[in-house]
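Trainee: sequence first, predicted model second:
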Amino acid sequence: MAKIFQVSARAGMTRVVEPIARALLRAGVTPNVVTVAGTVGVLVGALGFGARGHLVAGALIVTVFALTDLLDGTMARMSGGSTRFGAFLDSSMDRVADSAVFGAVAYWLATQGDHSGVAAALLCLAAGGLVSYVKARAEGLGMTCNVGIAERTERLLIVGVGGILTGVGVKPALEIALWLLAAISIFTVGQRMAHVYRQAQQLQPDGQA
């Protein structure tokens, strides 16, 4: 299933971050340190800037530090593969960062009296958590779930673009982006559940309902 942020674009970004990854590894920096640093950067951008209405600065900071997802993954691959704890830490820090981003957006919209925008932000937070949970639960049951139109990178890019446009004066852009994101996140949950259902049917012994 095609994703908004295409595989070719991801591959291009990986080629850009590879020299940085090599340099950090040579300096003794571990992928786990990069994971935590990236999350701290997202928290600063979301809570220190976005929640206070500095949407352009907040969105740019969050985007830069969110890209550490590619950097720590590249470092793990170069150093022999991700450890179990590394994978756990990465997933956990992603949830912390996502909660901060959408919580900050919801808070700022509430201060502006935008109740529809707050509802969209909270729906994005819930649906985004479901997107990740469905994949994690499927993989915990021995199935794959790497499908869906909008994964974490796509979700952060959409809300980031909306924030930047609103910050430069296109007032409805953030709310529009949030409702769009909510819709495609819910659609992605449906895609993943359908994908897992098909796998479960194939793995089911003959004769069982």
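Mentor: Perfect, thanks for sending it.

Trainee: what about residue 59, neighbour count?
Mentor: Look at residue 59: counted by other CB atoms under 10 Å, it has 28 neighbours. Yep, even glycine has a C-beta here, placed from its N, CA and C like the rest.

Trainee: surely it is in contact with residue 164?
Mentor: Yes. Under the criterion of CB atoms under 8 Å, residue 59 makes contact with residue 164 at 4.8 Å.

Trainee: return the residues in contact with the spatially most central residue of the chain.
Mentor: Note on the chain: the residue nearest the mean C-alpha position is residue 152, at 2.4 Å, using CA atoms, centre = their mean. Going by CB atoms under 8 Å, 6 or more residues apart in numbering, residue 152 touches 69, 94, 98, 128, 131-132.

Trainee: next one: residue 63 relative to residue 193, how far apart?
Mentor: Look at residue 63 and residue 193: by CB to CB, to the nearest Å, they are 29 Å apart.

Trainee: sorry, wrong one. I was asking about residue 159.
Mentor: Where residue 193 is concerned, residue 159 sits at a distance of 23 Å (CB to CB).

Trainee: looking at the two, which is more packed in?
Mentor: The residue with more neighbours, out of residue 159 and residue 193, is residue 159; 26 against 14, by other CB under 10 Å.

Trainee: can you tell me which helix or strand that one belongs to?
Mentor: For residue 159, the host element (DSSP states H and E) is helix 152-167.

Trainee: using CSV, write out every CA atom in that helix.
Mentor: Taking C-alpha atoms only, helix 152-167 is exported to CSV below (Å, rounded to 0.1, in the frame of the first residue of the first chain):
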residue,chain,number,x,y,z
ARG,A,152,4.0,8.6,12.0
THR,A,153,6.2,10.7,9.6
GLU,A,154,3.2,11.5,7.4
ARG,A,155,1.2,12.6,10.5
LEU,A,156,3.8,14.9,11.8
LEU,A,157,4.4,16.5,8.4
ILE,A,158,0.7,17.2,7.9
VAL,A,159,0.3,18.9,11.3
GLY,A,160,3.6,20.7,10.8
VAL,A,161,2.6,22.2,7.5
GLY,A,162,-0.8,23.2,9.0
GLY,A,163,1.0,24.9,11.9
ILE,A,164,3.4,26.8,9.7
LEU,A,165,0.7,28.0,7.4
THR,A,166,-1.4,29.2,10.3
GLY,A,167,1.7,30.8,11.8
